[in-house]
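**Q** The sequence and its predicted three-dimensional model are supplied below.
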Amino acid sequence: MLAILLATIVLHLTDLIILFISTCANAWRTDGVANYDLWYDCTQRNGGYNCRGTNDADWLQAVQALMVLATIFCLISFIFFLCQLFTLVKGGRFFFTAVFQVLASLFVMSGAIIYTVMSPEWKNENDTYGYAFVLAWLAFPLTLISGFIYIVLRKKE
């Protein structure tokens, strides 16, 4: 039981770190010289960076909000898990934790889908998706799996 509990905690913390990095990192789209993010567009010139705020497109603001919500819900889910770990009765399930974790996975999925569908309008032929975009897509199944684990997991002695 202790091994399953530790594996669940490690998976949840991994989800949280991946969500935080993908939300904050400046590499959702890149073309080698410029990096495009949810928050800033940065261009590298003469060894320095020139950053400006992103366009205020509605879809980009939706992606920003969904990624922040996913990170917050994942953090709240972890806090609830720790609280339920010490207060839940024997044989109880971690449903409250699971609900927040599944919602976090749906938020990150929605944000990544919106970015995938809407960003080609702005994309040049040299642009590629960056590591933060890939991490966002990686966070979706990991967070969903973590949520399902919390649904199945029962508290033992």
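**A** Received the coordinates, thanks.
**Q** Who's the closest spatial neighbour of the residue nearest to the spatial centre of the chain, skipping the chain neighbours?
**A** Central residue of the chain (C-alpha atoms, centre = their mean): Leu19, 2.8 Å from the mean position. Nearest residue to Leu19 in three dimensions, chain neighbours excluded: Thr71, at 4.5 Å (C-beta to C-beta, 6 or more residues apart in numbering). Just so you know, the C-beta spots here come from the backbone N, C-alpha and C atoms, and that holds for glycine as well.
**Q** Tell me how many other residues crowd the one you found.
**A** Thr71 is flanked by 23 other residues according to other C-beta atoms under 10 Å.
**Q** So what touches stretch 70-83?
**A** Here stretch 70-83 makes contact (C-beta atoms under 8 Å, 6 or more residues apart in numbering) with 9, 12-13, 15-16, 19-20, 23, 94, 96-97, 100-101, 103-105, 107-108, 111, 139, 143, 147, 150.
**Q** give me that answer again for 6 Å
**A** If you take C-beta atoms under 6 Å, 6 or more residues apart in numbering as the criterion, stretch 70-83 is touched by 12, 15-16, 19-20, 23, 96-97, 100-101, 103-104, 107-108.
**Q** what's the most distant pair in those?
**A** Using C-beta to C-beta, these span at most 23.7 Å, a distance reached by Thr23 and Phe96.
**Q** neighbour count winner among the two?
**A** Taking neighbours as other C-beta under 10 Å, Thr23 and Phe96 compare with Thr23 leading, 26 against 16.
**Q** For the more buried one, which residues are in contact?
**A** Shown here is Thr23, whose contacts under the criterion C-beta under 6 Å, 6+ apart are Met67, Thr71.
**Q** Mind checking the pLDDT average for the strand or helix carrying it?
**A** According to DSSP states H and E, Thr23 maps onto helix 2-24. Helix 2-24 shows a mean pLDDT of 91.
**Q** Also stretch 67-74?
**A** Here stretch 67-74 scores 95 as its mean pLDDT.
**Q** still on that earlier bit, please tell me I have it right and the residue nearest to the centre of the chain contacts Ala139.
**A** Yes. Using C-beta atoms under 6 Å, Leu19 is in contact with Ala139, at 5.0 Å.
**Q** Would you tell me which helix is longest in the chain?
**A** Assignment by DSSP state H gives helix 58-87 as the longest helix of the chain.
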